[in-house]
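**Student:** return atomic coordinates for the entry below.
(chains A and B)
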There are 2 protein chains.
Amino acid sequence: MATLKLNKHMSIKNSHISVDCVIFGFDFENLKVLFIEQKIDDTLERELRLALPGDLVNLDENLDSAAYRVLTELTSIDKIYLKQFRAFGNPNRLKNEKDQFWIKKVRANPDARVITIGYFTLVKMDDVAPKASSFAGNTHWVNIDEIPELAFDHNQIVDQAMETLREDLEYKQIGYDLLPKKFTLSQLQRLYEVVLGAKLDKRNFRKKMKKTEFVVPLNEKQQGVLHKPAQLFKFNKS
Amino acid sequence: MATLKLNKHMSIKNSHISVDCVIFGFDFENLKVLFIEQKIDDTLERELRLALPGDLVNLDENLDSAAYRVLTELTSIDKIYLKQFRAFGNPNRLKNEKDQFWIKKVRANPDARVITIGYFTLVKMDDVAPKASSFAGNTHWVNIDEIPELAFDHNQIVDQAMETLREDLEYKQIGYDLLPKKFTLSQLQRLYEVVLGAKLDKRNFRKKMKKTEFVVPLNEKQQGVLHKPAQLFKFNKS
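**Tutor:** Residues are numbered from 1 along each chain as shown, chains lettered A, B, ... in the order given. From the prediction side, this is the model:
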């Protein structure tokens, strides 16, 4: 049996189910996604491909636990907001030639149909120092509008995560996790612009935000800036 | 090999992935969910259990296609709004004794860990005449607050679908698919009440709805009612 040749790490995996995490970060100018270089055991020359951090689920592991494991191992962050947003199960999603090359190198059951469950999370980029881990080589933050062709169906997964993020920002103000605790309205406006993918009118935006209940002005201004310091606001979670 | 004994129907299935559909209906008074009686090939006496309509995914089938197949076969409706809302992958989700009894009777690979992808849809109950099908015995509409203990983790799946429906009604007015094209404000209020699970104040509700842009008054009143006919409204999809 093929499984006899496997190392311990592989034999505890379910061959049919994986999780993939779309980790969004915001540096106050651009929205970014964290990718890993596909790790491969030999030194064959080949094109470097980026992929979302993800892994096969362990045999007795819940889906959410698997996603937290991937995220924690990669970023050392725990207790983070992670949202399952969609399952991806196209029967051909791993059948591209380049994907097959990688899969045959690393997977115990390379012919298995794998469905993957997509999770997304929002992180303050300063909080995260991504590192190589059991499922990942180097890591890269990539601007949302500069994402290259990714492994598997990961471009589609990122697109779908963006759509969910847009809805969540619009309806539930969830994108505020990308901002520092105290932020300026310019930072908030830029966040809306990069998530919605559209320029917003500064005056209208400020008027609207000052009317809402979920942004509260503080008795504080920016510190250590060269320009005129802007007023700081906080997010009102209730 | 066990698969040699299987009939054709079973051998085209992927043992590891299923879909389950939460079909919501509204009879202008109660919100209901459509369930099937678990079909079983022999005539052993046993407790009747209800389950969501669902099936293993075919080997080369997309997840969405599988959900549409289940829905179409059961209800004869096609071209319906179907939304994937969550994957359920608890490793123990099929391990209850009663579930194991059924699984061993009907599944080719009863020990496989199956993750199921939950879909939900909203139907006008008049449009649907559910019928027994390849995966289902009799069917039953059950009031949302009278749902018994279901097979597998299906109670949890219904709860999660309800939560998604609540959000979608609140943010996207999606519940309007449960109403006829022309409806009264009383019917609309009742829909909100059963979905949100709370009584609403009639006067406030009417005031609020008349202010929104997504409900438009028609120059028409109810016909054939004994009481004073109420004004009709339509949903403004733009």
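**Student:** show me where chain A has helices.
**Tutor:** For chain A, the helices defined by DSSP state H occupy A:8-11, A:63-75, A:97-106, A:154-172, A:185-196, A:202-211.
**Student:** go through these and pick out the most buried.
**Tutor:** Most buried of the helices of chain A, by mean neighbour count (mean count of other CB atoms under 10 Å in any protein chain shown): helix A:63-75, with a mean of 21. To be clear about C-beta, it is placed using only N, CA and C from the backbone, and glycine gets the same treatment.
**Student:** quick check: mean pLDDT across it?
**Tutor:** Per-residue pLDDT over helix A:63-75 has a mean of 91.
**Student:** check stretch A:106-114 too.
**Tutor:** Taken as a whole, stretch A:106-114 has a mean pLDDT of 89.
**Student:** same question, stretch A:222-232
**Tutor:** 87.
**Student:** what's the span of that stretch, first residue to last?
**Tutor:** Stretch A:222-232 has an end-to-end distance of 6 Å (CA to CA, to the nearest Å).
**Student:** out of the helices of chain A, which gets the lowest mean score?
**Tutor:** Mean pLDDT is lowest for helix A:8-11 out of the helices of chain A, coming in at a mean of 53.
**Student:** roughly how far does A:I103 sit from B:E73?
**Tutor:** As judged by CB to CB, to the nearest Å, A:I103 and B:E73 stand 34 Å apart.
**Student:** with A:K13 instead?
**Tutor:** Look at A:K13 and B:E73: by CB to CB, they are 34 Å apart.
**Student:** enumerate the residues of chain A near chain B.
**Tutor:** Residues of chain A found near chain B (CB under 8 Å from any CB of the partner chain) are A:14, A:16-17, A:57, A:59-63, A:84, A:86-91, A:113, A:115, A:117, A:167, A:171.
**Student:** buried subset of those residues?
**Tutor:** Buried subset of the residues of chain A next to chain B (neighbour count, 16 or more other CB atoms under 10 Å in any protein chain shown): A:14, A:16-17, A:57, A:61-63, A:84, A:86-91, A:113, A:115, A:117.
**Student:** what segments of chain A are strands?
**Tutor:** With DSSP state E as the definition, chain A shows strands at residue ranges A:13-26, A:31-37, A:50-51, A:54-58, A:83-88, A:115-124, A:139-143, A:215-221, A:231-235.
**Student:** what packs against the fifth one?
**Tutor:** In terms of contact count using 3 or more CB pairs under 8 Å, 6 or more residues apart in numbering or on different chains; DSSP states H and E, strand A:83-88 is assigned the packing partners helix A:63-75, strand A:115-124, helix A:154-172, strand B:83-88.
**Student:** can you redo the strands of chain A as CSV with distance to B:K124?
**Tutor:** Listed next are these as CSV, based on distance: least, CB to CB, whole Å:
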stretch, distance to B:K124
strand A:13-26, 36
strand A:31-37, 40
strand A:50-51, 44
strand A:54-58, 39
strand A:83-88, 27
strand A:115-124, 32
strand A:139-143, 45
strand A:215-221, 40
strand A:231-235, 40
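**Student:** nearest to A:F205, out of these?
**Tutor:** Nearest to A:F205, of all those, is strand A:215-221, at 10.9 Å by CB to CB.
**Student:** and that closest one, which residues are buried?
**Tutor:** Within strand A:215-221, judged by 16+ other CB under 10 Å, the buried ones are A:V215.
**Student:** show me how chain A divides into domains.
**Tutor:** A:2-174, A:180-235 (automatic domain parsing).
**Student:** and of those, who's closest to B:A67?
**Tutor:** It's domain A:2-174; of these, that one is closest to B:A67 (CB to CB) at 10.6 Å.
**Student:** ok, which of the domains of chain A comes nearest B:F183?
**Tutor:** For the domains of chain A, distance to B:F183 was read as CB to CB. The smallest value, 24.1 Å, belongs to domain A:2-174.
**Student:** distance between that closest one and the chain's centre?
**Tutor:** Computed by CA atoms, centre = their mean, to the nearest Å, the chain-centroid distance of domain A:2-174 equals 8 Å.
**Student:** kindly report the same for stretch A:168-178.
**Tutor:** Computed by CA atoms, centre = their mean, the chain-centroid distance of stretch A:168-178 equals 15 Å.
**Student:** for that stretch, how far is the first residue from the last?
**Tutor:** End-to-end distance for stretch A:168-178: 13 Å, by CA to CA.
**Student:** repeat for stretch A:142-159
**Tutor:** Stretch A:142-159 has an end-to-end distance of 14 Å (CA to CA).
**Student:** equivalent analysis for stretch A:167-187, please.
**Tutor:** Stretch A:167-187: ends 19 Å apart by CA to CA.
**Student:** ok, now stretch A:168-180?
**Tutor:** Using CA to CA, one end of stretch A:168-180 lies 18 Å from the other.
**Student:** which outside residues touch it?
**Tutor:** Outside of stretch A:168-180, the residues within contact range by CB atoms under 8 Å, 6 or more residues apart in numbering or on different chains are A:24-26, A:31, A:81, A:83, A:122-124, A:165, A:187-188, A:191-192, A:195-196, A:214, A:235, B:167, B:171.
**Student:** next, A:A129: phi, psi?
**Tutor:** Main-chain dihedrals, A:A129, degrees, to the nearest 10: phi -120, psi 80.
**Student:** and it, how close does it get to A:W141?
**Tutor:** If you go by CB to CB, the gap between A:A129 and A:W141 works out to 11 Å.
**Student:** so the residue nearest the centre of chain A bridges to which residues?
**Tutor:** Centroid check for chain A by CA atoms, centre = their mean gives A:I23 as the closest residue, at 1.6 Å. Taking DSSP bridges as the rule, A:I23 bridges to A:T121.
**Student:** what residues does it make contact with?
**Tutor:** A:I23 makes contacts with A:33-34, A:53, A:71, A:74-75, A:120-121, A:123, A:128, as judged by CB under 8 Å, 6+ apart.
**Student:** apply 7 Å and report the result again.
**Tutor:** Applying CB atoms under 7 Å, 6 or more residues apart in numbering or on different chains to A:I23 gives the contacts A:33-34, A:53, A:121, A:123.
**Student:** next, give me the two most distant ones among those.
**Tutor:** Largest separation among the contacts of A:I23 by CB to CB: A:P53 and A:V123, giving 12.1 Å.
**Student:** what's the neighbour count on the closest residue to A:Y192 other than its chain neighbours?
**Tutor:** Distances taken as CB to CB, 6 or more residues apart in numbering or on different chains put A:L200 closest to A:Y192, at 6.0 Å, once the chain neighbours are dropped. A:L200 has 14 neighbouring residues, counting by other CB atoms under 10 Å in any protein chain shown.
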